[in-house]
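> Dropping a prediction and its sequence here:
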Amino acid sequence: MTEHAPTADTVLPADDALNQLSARFGDALQRDTRPGYEGLIVDPDHLVAVATALRDDLGYDYLASATAVDYLGKGDHFEMVYHLCQTSGGPPLVLKAQTPRETATLPSLVGVWPGAEFQEREAWDLMGIRFEGHPDLRRILMWEGFAGHPLRKDWKEAYYEQDQKPFDSRWPGGHVRRAEELVPYGRNVRYPDGFSPEDYEEIAETPQARGLSSLGPGVEVEELATDRLVVNLGPQHPSTHGVFRMSIMLSGEEIVSLKPIMGYLHRNHEKIGERNTFIQNMPFTDRLDYICSLSNNLGYALAVEKLMALGARYQPPTYRAEVIRVLMAELTRIVNHIWAIGFLLNDLGAYFTPMMYVINERELILDFFEAVTGSRMMCNYMRFGGVAADLPERMRSEAQLLNDRVRDVNTMEYLRDLITERLPRAIDQIDTYLTTSEVVTNRCIGVGVLTREDAIATSAAGPVLRASGVPYDVRRADPYSIYPELEFDVACRTHGDVYDRYLIRLDELHQSLRILNQILPRLVDTEGEPIFAGRGGMYSPRVPAGEAYGRVENPKGELGFYVVSDGGQNPWRYHVRAPSFINLTPLERMCVGHKVADVVAILGSIDIVLGETDR
Amino acid sequence: MYGTGLWRGLRVTLKHFIDTYLEDIRYGFRRHVPVEAFPERQGLEARGTFTVQYPEEKLATPERFRFIPFLVVENYDHPERPGHDWCTSCGICAKVCPPQCIWIVRSDDPETGRPIPEPAEFYIDIDICMNCGFCAEFCPFDAIKMDHDYELASYDRTTAHIFDKQRLSKEFRYWQSIAPTRAAEEAAARGGWEHKDVLKQKQREAKDKGAAAE
Amino acid sequence: MSDFLRELHDPDIPVPEGIQSAVAVTRLDKLLSTVYNWGRHYSVWPMAFGLACCAIEMIAAASSRYDQARFGMEVLRPSPRQADLMIVSGTVTKKMVVPIVRLYNQMPEPKYVLAMGACASGGGPFKEGYNVVSGIDNFLPVDVYVPGCPPTPQALLHGFITLIKKLDSQNLGNRNSMPWYSRGPSDAVPIPVLGPDIIDPRQLHLIRRYAAQPEPADESAAVEAEA
């Protein structure tokens, strides 16, 4: 069930590709020559033509990430940054288009890559760039009617204190004051001048305002006049995995149109991230996909390390640090996948029993995380150029509170038993328990099919993409850390339905165990070696000006961090390419034609975490 | 045949069901198993009942566990500097704190007006603190550490949730008791159990003495 | 049984020594309250309502290792109509606070709110963000705050015990402590409106004062003058 995954050497040399394009488009296409930057800058008028050429002629069929940067005071323009990939593998090509801040208009690329839909809506919502030709340009994270576009550099929130952390009011004269005391309303609110609550009319949430069309994509006009029923699911619903909301238009019990509505957990990650120093963002990344904090850490560390590598005195992580990183990332994958399978079964109606079993195993992995990193979920473990601390010799606890029960085991022994005995048994148990169960097969096979073409076009990532027959895994396509020297197969299935997405997770659990079994001897061999190359653990690393896109294969898909530095202590722009967010783009295509009860199963099989969807 | 998969799955649940009783038989149907059996029951060998009967028994936190930070002060029975702050108010914790929840007022010498190395006030708003542990990690004096006490539920936050210096201060002995290995490692790095500055001063004195003796 | 008797006994009423362990003398309201609270304090049904990271720890607390069923709280109700306890588990955003207030209004009395984690208590690390409410207590009355980011499942269980203590201390004889027995329906919390920013109907007078007629003077100075 696995195919040979493409590796980096099968890729067209990037220079060749660029020369062909330059010849065709002349001055409309220029190389980005700013120091630390890479890629191509396209004249907006030719953006669609260049994008189409890249897709059709050069094989850049997959839009990994699209985001906007506000260069206020550095040229006063918005820059839309697209990261394009080939599903055959290789590093991404960076495509940029600039527009002045006053006009802020660019052509939409939804026609070329439908996966741009939500990302362009996000850029409109947060940055205020209008996309001409976008089919449904509405706000996505904030609500309609919200004043301003918050990610613009000149937009300030109610609790605004300073452009950059650390704040001067904390030290040395740090007299404690709650932020509430400094604003007129005593709350985190701000209204435009002259705003009158009496004259204000709330924007009504009609089905049309939510983007629902009674004629779903591909649905023929029926002769019989029937009423459509609009069903709202969420944001408070036990099967939406958090505060996710869907608006569904039904014909009978069949879904005609479906629109996800998100932003209920939009915690302003990127705005806060631009104010933080580089290291301060690390614990915030824990809270993106809060089930896989360690692999989020890894992605961010990779992005900043790429930037630091532009400078002179950068020392890459030691081998031991890389081994520990991969160990943590793969254990995180196991945590995430068993959790996802447990929750999928919850959604199918097997209320809580499979969940209980997988949570037991998860607890045992979390015991290890807690002993090594200090926290069960918010691990905050990776640092630039290494990890926070080496594995402790013993996982021991001390009795402090009354009735505390103490444990004390050797870390390596625990890890070995966990990887070679406990987890294989647990995964086999999941397999026996669920894979052939008629409850699962009847509900899952043939439901929520996403074709290979649609999966690539809509920028689906991770298990969703691989279940549709695309063997694309960043660990192989654009390798990082020590993955090139590890043996594993890229799991791939072909049907693209809910059942295959479940099987993919099971396959990946086995592959993760295979990787972990190779990690164990490496851990033993590197015992006692340093975890930092130089003097690590600096809280103010030197990050030269430039841009970097660090990406990892997170359990949910490609997690990318696009970081722009202006040479200071804080990132100028900090964007997260969130797999949970972009994997929702094909949700409507998967659901149309199915019954409303299947929506829950389909959503469960995509496996979203709202912290990452809404950021 | 239809239903075989279901039956195979049900055998797994049945096994779990029986396992819990096997465990009960093993521990003589006691609700709280003996303390010695606890690590096994909560470890990788766990088969049956997995429950920790909080609050009658609690899962102790590992050494590196992070919750709200606390300030290390000298032991209250220290011969020379009882209860003296280890913090020198250098402000690194306040600068590195990601959500900026630390407020420090540096003390000034009333006569010379020059700063003296101890905080006059130290606040942490635990409603903002994200338990990331950066303050403890980057403190050059081992003066701020992450506490293990998680039982902090309260009825009111306006008064209870801004921890002042008094609320934050805990004896050095407490840090030794919650994290003996790490306290020992840090002491080895400093060159003694005392505060860095005290050790430096002692070294200087010893040097002076040596010089005087010569 | 002696624990129960000790709790029931009114310390103000003297009882001869020797029979103290077997006899409890108490006032009628206290007797009724104790029986009433005993009946309900191990059947607090939380709402299955997760917001963010803390919700994962809440699920962990509900699963077998921590097992909140031991506190009679295993019945996580998806519907607010059947729930007694709202665990606000995670960051409350402005967009989400509207449904939260609606859910709270739909819960039958007596109802309790537990703010789990730093975000729900006071905004948490995301407090400075433009879409984050600095604490659910800006909108709802909160009974118990559980600090931590996130609180471990054991910390949450400690929060439950704290809540049960509060519940036990409520007295039938005192209307203020059990407002749901006072006459007439209780007031619903006004539902906020999503305008250019979130509008709490209870703050309309302030909005009229500061936004509709913006004063050129420093805003914080205005607040201080008011104080």
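Yep, it's here.
> How about the residues of the stretch 301-450 of chain A by chain C?
Residues of the stretch 301-450 of chain A lying close to chain C by CB under 8 Å from any CB of the partner chain are A:352, A:355-356, A:359-360, A:363, A:376-378. Glycine gets a C-beta too; all of them are placed from N, C-alpha and C.
> Turn those into a markdown table, columns for neighbour count, secondary structure and distance to chain B.
A markdown table is the format used below for these (neighbours: other CB atoms under 10 Å in any protein chain shown; DSSP: H, G, I helix; E, B strand; the rest coil; distance: CB to the nearest CB, whole Å):
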| residue | neighbour count | secondary structure | distance to chain B |
| --- | --- | --- | --- |
| A:Phe352 | 17 | coil | 12 |
| A:Met355 | 22 | helix | 13 |
| A:Met356 | 16 | helix | 9 |
| A:Ile359 | 23 | helix | 9 |
| A:Asn360 | 17 | helix | 6 |
| A:Glu363 | 22 | helix | 8 |
| A:Arg376 | 22 | coil | 9 |
| A:Met377 | 24 | coil | 10 |
| A:Met378 | 25 | coil | 7 |
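> Need those residues in CSV (columns: pLDDT).
As requested, those are arranged in CSV below (pLDDT from 0 to 100):
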residue, pLDDT
A:Phe352, 82
A:Met355, 89
A:Met356, 88
A:Ile359, 91
A:Asn360, 90
A:Glu363, 92
A:Arg376, 90
A:Met377, 90
A:Met378, 90
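> tell me which helix or strand of chain A sits lowest on mean pLDDT?
strand A:2-3 (a mean of 44; mean pLDDT, DSSP states H and E).
> any idea which helix or strand carries the residue of chain B at minimum distance from chain C?
Using CB to the nearest CB, the closest approach of chain B to chain C is made by B:Asp127 at 2.8 Å. Here B:Asp127 is covered by no helix or strand, with elements defined by DSSP states H and E.
> what residues does chain C put near chain B?
So chain C meets chain B at C:64-67, C:70, C:115, C:118, C:121-128, C:135, C:137, C:142-149, C:151-152, C:154-155, C:157-159, C:161-163, C:166 (CB under 8 Å from any CB).
> Count the residues that sit near C:Arg209.
16 (other CB atoms under 10 Å in any protein chain shown).
> again, but for A:Arg121
21.
> C:Lys166 now?
With other CB under 10 Å as criterion, C:Lys166 counts 15.
> Tell me the secondary structure of it, please.
helix (DSSP: H, G, I helix; E, B strand; the rest coil).
> Could you pull up the residues touching it?
Neighbour list for C:Lys166: B:155, C:112, C:143-144 [criterion: CB atoms under 8 Å, 6 or more residues apart in numbering or on different chains].
> pLDDT of the top helix by length along chain A, averaged?
The longest helix of chain A (DSSP state H) is helix A:319-348. Taken as a whole, helix A:319-348 carries a mean pLDDT of 92.
> helices or strands up against that helix?
Contact here means 3 or more CB pairs under 8 Å, 6 or more residues apart in numbering or on different chains; DSSP states H and E; on that basis helix A:319-348 packs against helix A:293-308, helix A:353-373, strand A:386-387, helix A:423-430, helix A:438-444, helix A:498-525, helix A:596-606.
> now the angle from it to helix A:353-373?
Angle of helix A:319-348 versus helix A:353-373, following axes from the mean of the first three to the mean of the last three CA atoms, to 10 degrees, is 160 degrees.
> Spell out which parts of chain B neighbour chain C.
So chain B meets chain C at B:42, B:49-55, B:58-59, B:61, B:67-68, B:98-99, B:101, B:125-131, B:150-157, B:160-161 (CB under 8 Å from any CB).
> Mind doing that once more with 6 Å?
Neighbours of chain C within chain B, by CB under 6 Å from any CB of the partner chain: B:50-52, B:54, B:99, B:126-128, B:130-131, B:150-154, B:157.
> Return the member of those nearest to A:Val243.
Relative to A:Val243, the closest of the residues of chain B next to chain C is B:Met130; by CB to CB it sits at 20.1 Å.
> returning to that earlier point: just the closest of the residues of chain B next to chain C to A:Gln569, please.
For those, the nearest to A:Gln569 is B:Pro99 (16.6 Å; CB to CB).
> can you give me phi and psi for that closest one?
phi -90, psi 10 (degrees, to the nearest 10).
> try B:Ile144
Per-residue torsions, B:Ile144: phi -120, psi 130 (degrees, to the nearest 10).
> Look up the pLDDT of it for me, please.
pLDDT, B:Ile144: 92.
> For chain B, what's the nearest residue on the stretch 351-500 of chain A?
A:Thr436 (3.3 Å).
> Return the distance of the residue of chain C with the smallest separation from chain B relative to chain A.
Using CB to the nearest CB, the closest approach of chain C to chain B is made by C:Gly122 at 2.8 Å. To chain A, C:Gly122 is 8 Å away according to CB to the nearest CB, to the nearest Å.
> Quickly note the distance from that residue to C:Asn131.
16 Å (CB to CB, to the nearest Å).
> Would you map the strands across chain B?
Taking DSSP state E to define them, one finds strands in chain B at B:58-59, B:69-73, B:102-108, B:115-125, B:144-146, B:162-163, B:169-171.
> how about the residues of chain B near chain A?
So chain B meets chain A at B:5-6, B:8-9, B:12, B:38-39, B:44, B:50, B:57-58, B:60-62, B:64-66, B:91, B:94-96, B:98, B:100, B:103-106, B:123, B:130, B:132-133, B:138, B:148, B:178 (CB under 6 Å from any CB).
> Quick one, which of the residues you listed are buried?
Burial by neighbour count, judged by 16 or more other CB atoms under 10 Å in any protein chain shown, picks out B:5, B:9, B:12, B:38-39, B:44, B:50, B:57-58, B:60-62, B:64-66, B:91, B:94-96, B:98, B:100, B:103-106, B:123, B:130, B:132-133, B:138, B:148, B:178 from the residues of chain B next to chain A.
> who touches A:Gln569 in this structure?
Going by CB atoms under 6 Å, 6 or more residues apart in numbering or on different chains, A:Gln569 touches A:Thr277.
> How about B:Cys135?
B:69, B:93, B:97, B:144.
> what's the closest of the residues you listed to C:Asp10?
Using CB to CB, the contacts of B:Cys135 come closest to C:Asp10 at B:Pro69, 43.2 Å.
> Tally up the residues packed near that closest one, please.
B:Pro69 has 25 nearby residues by other CB under 10 Å.
> Roughly how far does the residue nearest the centre of chain B sit from A:Asn403?
Centroid-nearest residue in chain B: B:Asp147, 2.9 Å away (criterion: CA atoms, centre = their mean). Look at B:Asp147 and A:Asn403: by CB to CB, they are 18 Å apart.
> same question, A:Ala533
44 Å.
> and if you look at A:Arg170?
Counting by CB to CB, the separation of A:Arg170 from A:Asn403 is 38 Å.
> And these two? Which one has more around it.
Using other CB under 10 Å as the criterion, A:Arg170 and A:Asn403 rank with A:Arg170 on top: 23 against 15.
> what's the distance between the nearest residue to B:Pro82 once chain neighbours are set aside and B:His32?
Closest residue in space to B:Pro82, ignoring its immediate chain neighbours: B:Tyr76 at 5.2 Å, by CB to CB, 6 or more residues apart in numbering or on different chains. Distance from B:Tyr76 to B:His32, counting by CB to CB: 35 Å.
> Where does the prediction get shaky in chain C?
C:1-4, C:212-227 (pLDDT under 70).
> Closest to the centroid, which residue in it?
For chain C, by CA atoms, centre = their mean, the most central residue is C:Val113; offset 2.2 Å.
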